[in-house]
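Q: next input, structure requested:
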Amino acid sequence: MSNNILQQKPFLFSAQEAVKNNYLKKNKEGVVDFFYQDIWLSVLPENQFDLTAATIFGLNDRLTLAATSPLVDSSGLTLREKFNLEWENYTLAIENDELLNYGYFAYYPDKKHLVHFCDPYWHKVVSVASSSTLLTDPEFKLKWREVREIFANTIIGVAGCSVGSNIIHNIMMDMRPDNIKIADKAPYKMENINRVRLGYWDMVKNNADRVSLFDVGLKNKAQVVADQIYSIDPFTNVYVYDDGLNQMNISKFFDGDELEPKVDIIIEEIDDPQSKLFIRQEARKRRLPLIMASDMGSMVQIEVSRYDLDENLPLTYGASDQELVTAVENFSQSGTERKAFFNFVDTLIGTDYRQDELLQIMEEKCEIPTSTIIPQLGSTAAASGAIVAELVARIRLGYNYPKRFFFNKKTLEVKIYQ
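A: As a prediction, the model looks like this:
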């Protein structure tokens, strides 16, 4: 893993400061020159993208003029009133041909794209304003800005970027945290496209970056998800652990250091049984809440381990710690034998997943095109992401949930374990 785990973050700079210091210029042909890493770069118009108009005009259409517009701070200004001041600044910049001085620029070196953004405050607002007050505390006491501050300051750690990628993107849409940590050592493969949103640019490196014809050029999952997030919000910090989580880095991932924050809540979506056990032990030791979604056929099963409320909770619901440890050890000693794997799964999440088409596949009573032990549906992975994102948001707002529940998309059955 690189020492700089923010290495994929685009180069961000204030437009006003750059113009003031003569580090940013634009000629009559529309070419933008700016100072980057001790050299001047020129960006042609076809590699420039301006999101300021889309942001400002979108907010102008959406932000309510009513008295219910939320107060933004102790000044007494409502969100709409504060935006009206920004609207004046923006229109003046256009009228005076000074748009180059406005907002922020993000340069994406891999794509050689220069993207013009509004100030981080307005970029964050436009990304969450349409969510209104749909997410708030159980007593409806928190103000809109207080909810947004809680979400912005929440540090979420996600281990595993298959189902985890669906969870991450839903969390980003609903919460828009300022920082997020993601870990996965595996690359994406073409088989992942049935459950993860991937373009060709996400899957493989370009041919110039491949070492040889035998280099498949696959990209690391955590790095890909980081790039996806940065393309949407360059103001978010994405801490990437592309070696996965292990004994060497788990403390830094959980506890942070002088360069990165500690996590508030853990999402565990790793396939490896030993890693699942290890992460649970570390989360419980630190009294951190842990959530896991299992997408099993048409069923989403959720585990909510509130170690922050009770450090004596078992490592999984419905089984003792020793039973889980034994199941993991038996699987490891079996050489990844199929029966031992399913014994581990049964110990970890119970046996309610053994139904319908998935049971037919497990018992080899039907045609099976691949050797995948547990096949997955993209729609179930997507549903997992949506459910976990809401749980994370509401837990941070003071809600509590059962330790285990499942939702079957096929039968519409919901089961809650007490």
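Q: name the SS class of Trp106, please.
A: Careful, residue 106 is Ala and not Trp. strand (DSSP: H, G, I helix; E, B strand; the rest coil).
Q: residues touching it, list them.
A: 10-12, 114-115, 117, 234 (C-beta atoms under 8 Å, 6 or more residues apart in numbering). For the C-beta atoms, the positions are set from N, CA and C on the backbone; glycine is no exception.
Q: for it, give the beta-bridge partners.
A: Beta-bridge partners for Ala106, by DSSP bridges, are Leu12, Val115.
Q: and it, what's its pLDDT?
A: We have a pLDDT of 97 for Ala106.
Q: equivalent analysis for Leu213, please.
A: pLDDT, Leu213: 66.
Q: before we move on, the earlier item: now, of the contacts of Ala106, which are buried?
A: For those, a burial check counting by 16 or more other C-beta atoms under 10 Å picks out 10, 114-115, 117, 234.
Q: next structured bit after the strand or helix carrying Gln274?
A: Gln274 belongs to helix 273-285 when assigned by DSSP states H and E. Counting by DSSP H and E, the next helix or strand C-terminal to helix 273-285 is strand 289-296.
Q: list the neighbouring strands of that next one plus their orientation.
A: strand 265-268 (parallel), strand 299-306 (antiparallel).
Q: run the angle between that strand and helix 273-285 for me.
A: 150 degrees (axes from the mean of the first three to the mean of the last three C-alpha atoms, to 10 degrees).
Q: what segments of the protein are helices?
A: Ranges of helices in the chain, per DSSP state H, are 15-20, 52-62, 79-95, 120-128, 144-153, 163-174, 200-203, 221-232, 250-255, 273-285, 321-333, 338-349, 356-362, 378-396.
Q: can you put these in TSV and add mean neighbour count and distance to Glu311?
A: Converted to TSV, these look like this (neighbours: other C-beta atoms under 10 Å; distance: least, C-beta to C-beta, whole Å):
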stretch	mean neighbour count	distance to Glu311
helix 15-20	16	47
helix 52-62	15	44
helix 79-95	15	40
helix 120-128	18	33
helix 144-153	17	23
helix 163-174	24	25
helix 200-203	14	39
helix 221-232	22	29
helix 250-255	18	15
helix 273-285	20	6
helix 321-333	16	13
helix 338-349	18	20
helix 356-362	16	34
helix 378-396	21	17
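Q: Serialize the contacts of Ala106 to CSV and add fields for distance to Lys365 and pLDDT.
A: Below are the contacts of Ala106 laid out as CSV (distance: C-beta to C-beta, whole Å; pLDDT from 0 to 100):
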residue, distance to Lys365, pLDDT
Pro10, 51, 96
Phe11, 56, 95
Leu12, 55, 96
Leu114, 57, 98
Val115, 52, 98
Phe117, 54, 98
Pro234, 50, 96
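Q: ok, those residues vs Asn408, which is closest?
A: Pro234 (39.2 Å; C-beta to C-beta).
Q: on that earlier part again, ok now the helix holding Gln274, how far from the chain's centre?
A: 20 Å (C-alpha atoms, centre = their mean, to the nearest Å).
Q: model confidence over that helix, on average?
A: 96.
Q: which other residues reach that helix?
A: Residues contacting helix 273-285 (C-beta under 8 Å, 6+ apart): 159, 244-245, 250, 254, 266, 268, 270, 289-290, 292, 305, 307, 311, 313, 315-316, 324-325, 327-328, 331-332, 341, 344, 348.
Q: what about 7 Å?
A: Here helix 273-285 makes contact (C-beta atoms under 7 Å, 6 or more residues apart in numbering) with 159, 245, 250, 254, 266, 268, 270, 290, 307, 311, 315, 324-325, 328, 331-332, 344, 348.
Q: out of the strands paired with strand 289-296, deepest packed?
A: strand 265-268 (a mean of 24; mean count of other C-beta atoms under 10 Å).
Q: so who does the nearest residue to Pro109 once chain neighbours are set aside touch?
A: Leaving aside its chain neighbours, Pro109 sits nearest to Phe11 (7.1 Å; criterion: C-beta to C-beta, 6 or more residues apart in numbering). Shown in contact with Phe11 (C-beta under 7 Å, 6+ apart): 36, 106-107.
Q: change it to 8 Å
A: Contacts of Phe11 by C-beta under 8 Å, 6+ apart are 36-37, 106-107, 109.
Q: list the residues that contact the nearest residue in space to Leu41 that is not next to it in sequence.
A: Closest residue in space to Leu41, ignoring its immediate chain neighbours: Phe34 at 6.0 Å, by C-beta to C-beta, 6+ apart. Counting by C-beta under 8 Å, 6+ apart, Phe34 touches 13, 18, 23-25, 40-41, 43, 105, 107, 114.
Q: weed out the non-buried ones from these.
A: Buried among the contacts of Phe34 by 16+ other C-beta under 10 Å: 13, 18, 24, 43, 105, 107, 114.
Q: from these, pick the one nearest Asn192.
A: Closest to Asn192, out of all of those and judged by C-beta to C-beta, is Tyr107, at 29.0 Å.
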